[in-house]
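Enquirer: A predicted structure for the sequence below; I have some questions about it.
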Amino acid sequence: MTHSPLRIGIIGAGAIGNVHMDTIKKIPEAEIAAVTDAFLPLAQQRAQEHGIATVHESPQHLLEDASIDAVVVCVPNQFHASLAIEALKQGKHVLLEKPMAINLSDARAILDAKLASGKTLMVAHQMRFLGLSRAIKEMIDDGKLGRIYNAKAGWWRKKGIPGWGSWFTRKDMAGGGPLIDIGVHMLDLSLYMMGNPRPVSVFGTTYAEFGPQRKGVGDWGTPNWDGYYDVEDLATALIKMDNGATLTLEVSWAAHAAGLGENPFIHLMGTEGGASYSGSAGTYVTHDEQGVVEQDIVPLEGEEDRVLMFRHFIECVQTGREPISSALTGFTVNRVLDAIYESSRTGSEVKLSWN
């Protein structure tokens, strides 16, 4: 069965929106039908750069455009919920940038709206589609790791605070710092690799040692030195699952992290074998009669991660299948993020009930 190209509207023409536009142009099954941005000249510039026919003066006008099938929401975190919910109400499918929401209550509202709409909502976790991620997931599905009972994941940046003073470093606009910015990727990827167990308890701590002193600023985003910084720059947490498995999560935007690389990493420990992942390098480890056996994990070939992510989104729209990074997985990640922040604030373990 052939389908006409999925007509996509882009809400948010900034850096990540531009990445999505570049990606969609590589996929014949989709076309960028319209774009909008709070700063309209930027939307007009992107339209010219990418050959987009329509620039809408506001997200509401774009969402009311009956010719658009789906939207990509790539705006500051605080606007994710309102735009995703309105898009679903307008009958649009939604690809929603991570994090799914700024907090748990917004995530729950998005999940409820998705269930009521019958439309596809997918959270844009492109790291699931990397060649190395797919290779490790294939090994897990083939039973080569056995039961995964412990994992360690994270992403250390030594000097990478984005856009100091902008929405990135304001809790009311971003929801938090590196935990909700890059930690969300590693938490999502870990839960996915572990088979989507339910987190049941969380103990975490966050620190702000660099940002308040205007130190540790990186290259991403545009600083606003008249703004302010009220989020963490490092977070660490221990998460226990309903099947007894544990996950340690460690992330930073800025840290004196001697001896640690700056690549995202996951170490999965299973009953039959383990898989380690750092940047683009992966290692499988197991035991035989002679002792420890290690071998390189070869990434699966194929298109780049974001192209594969969009192809999966389009397939789910066309078939009604649930995306692998669904609204429910996004909600689960938001539950854990909220629990880490609460645990840091109270100094106590946070229990999560799934009744």
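Expert: Looks like it came in fine.
Enquirer: and the closest residue to Asp305 other than its chain neighbours, how far is that from Arg311?
Expert: Nearest residue to Asp305 in three dimensions, chain neighbours excluded: Phe129, at 4.1 Å (CB to CB, 6 or more residues apart in numbering). C-beta here means a position set from N, CA and C on the backbone, and glycine is covered the same way. Distance, Phe129 to Arg311, by CB to CB, to the nearest Å: 9 Å.
Enquirer: who has more neighbours, these two?
Expert: With neighbours defined as other CB atoms under 10 Å, Phe129 and Arg311 compare such that Phe129 has more, 22 against 17.
Enquirer: wait, what's in contact with the more buried one?
Expert: Going by CB atoms under 8 Å, 6 or more residues apart in numbering, Phe129 touches 305-306, 308-309, 312.
Enquirer: rerun at 10 Å
Expert: By CB atoms under 10 Å, 6 or more residues apart in numbering, the contact set of Phe129 is 300, 302-312, 324-325.
Enquirer: same deal with Ala258?
Expert: Contacts for Ala258 (CB under 10 Å, 6+ apart) come out as Lys158.
Enquirer: any idea whether it is helix, strand or coil?
Expert: The three-state label given to Ala258 by DSSP: H, G, I helix; E, B strand; the rest coil is coil.
Enquirer: surely Cys317 is in contact with Gly118?
Expert: Residue 317: Val, not Cys. No. Using CB atoms under 10 Å, Val317 is not in contact with Gly118, being 11.7 Å away.
Enquirer: higher neighbour count, these two?
Expert: Comparing Val317 with Gly118 by other CB under 10 Å, the one with more neighbours is Val317, at 22 against 9.
Enquirer: next one: phi and psi at the more buried one?
Expert: Per-residue torsions, Val317: phi -60, psi -40 (degrees, to the nearest 10).
Enquirer: do you know the pLDDT at it?
Expert: pLDDT for Val317: 97.
Enquirer: any idea how far Thr286 is from it?
Expert: Taking CB to CB, one finds Val317 at 40 Å from Thr286.
Enquirer: my read: Leu111 touches Met100, true?
Expert: Yes. Between Leu111 and Met100 there is a contact under CB under 10 Å: 8.5 Å.
Enquirer: shared neighbours, these two?
Expert: 121, 326-327, 330-332, 334.
Enquirer: for the residues you listed, which one is nearest Thr271?
Expert: Proximity of the shared contacts of Leu111 and Met100 to Thr271 (CB to CB) peaks at Thr332, which lies at 24.0 Å.
Enquirer: which stretches of this protein have low pLDDT?
Expert: Residue ranges of the chain with pLDDT under 70: 1-2.
Enquirer: for it, what spans make up the helices?
Expert: Under the criterion DSSP state H, the chain contains helices at 15-24, 40-50, 59-63, 80-89, 104-117, 131-141, 171-174, 178-181, 183-193, 305-319, 327-346.
Enquirer: these: which one's closest to His125?
Expert: helix 183-193 (4.8 Å).
Enquirer: which strands or helices does that closest one pack on?
Expert: helix 131-141, strand 148-156, helix 178-181, strand 234-241, strand 246-252, strand 265-270, strand 274-278, helix 327-346 (3 or more CB pairs under 10 Å, 6 or more residues apart in numbering; DSSP states H and E).
Enquirer: now do the shortest one: distance to the chain's middle.
Expert: Which is helix 178-181. 10 Å (CA atoms, centre = their mean, to the nearest Å).
Enquirer: ok, now the fourth one?
Expert: Distance of strand 234-241 from its chain centroid, counting by CA atoms, centre = their mean, is 17 Å.
Enquirer: partner strands of that strand, with direction?
Expert: strand 199-207 (antiparallel), strand 246-252 (antiparallel) (DSSP bridges).
Enquirer: got the angle between the shortest one and strand 265-270?
Expert: Yep, that's strand 246-252 we're talking about. Using axes from the mean of the first three to the mean of the last three CA atoms, to 10 degrees, one finds that strand 246-252 and strand 265-270 are set 170 degrees apart in direction.
Enquirer: do the same with the longest one
Expert: Relative orientation of strand 199-207 and strand 265-270, computed by the same axes, to 10 degrees: 150 degrees.
Enquirer: quick one: buried residues of strand 199-207?
Expert: 199-204, 206-207 (16 or more other CB atoms under 10 Å).
Enquirer: over to stretch 278-296?
Expert: So for stretch 278-296, counting by 16+ other CB under 10 Å, buried means 282, 284-286.
Enquirer: which of the residues you listed fall in strands?
Expert: Among these, DSSP state E puts 282, 284-286 in strands.
Enquirer: okay if I get those residues as CSV plus distance to Gly177?
Expert: What follows is these, written out as CSV (distance: CB to CB, whole Å):
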residue, distance to Gly177
Gly282, 28
Tyr284, 33
Val285, 33
Thr286, 37
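Enquirer: on that earlier part again, can I get the strands paired with strand 234-241 in TSV with distance to Asp219?
Expert: TSV is the format used below for the strands paired with strand 234-241 (distance: least, CB to CB, whole Å):
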stretch	distance to Asp219
strand 199-207	22
strand 246-252	16
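Enquirer: just to revisit the earlier point, mind listing the shared neighbours of Phe129 and Arg311?
Expert: What both Phe129 and Arg311 touch, as defined by CB under 10 Å, 6+ apart, is the set 302-303.
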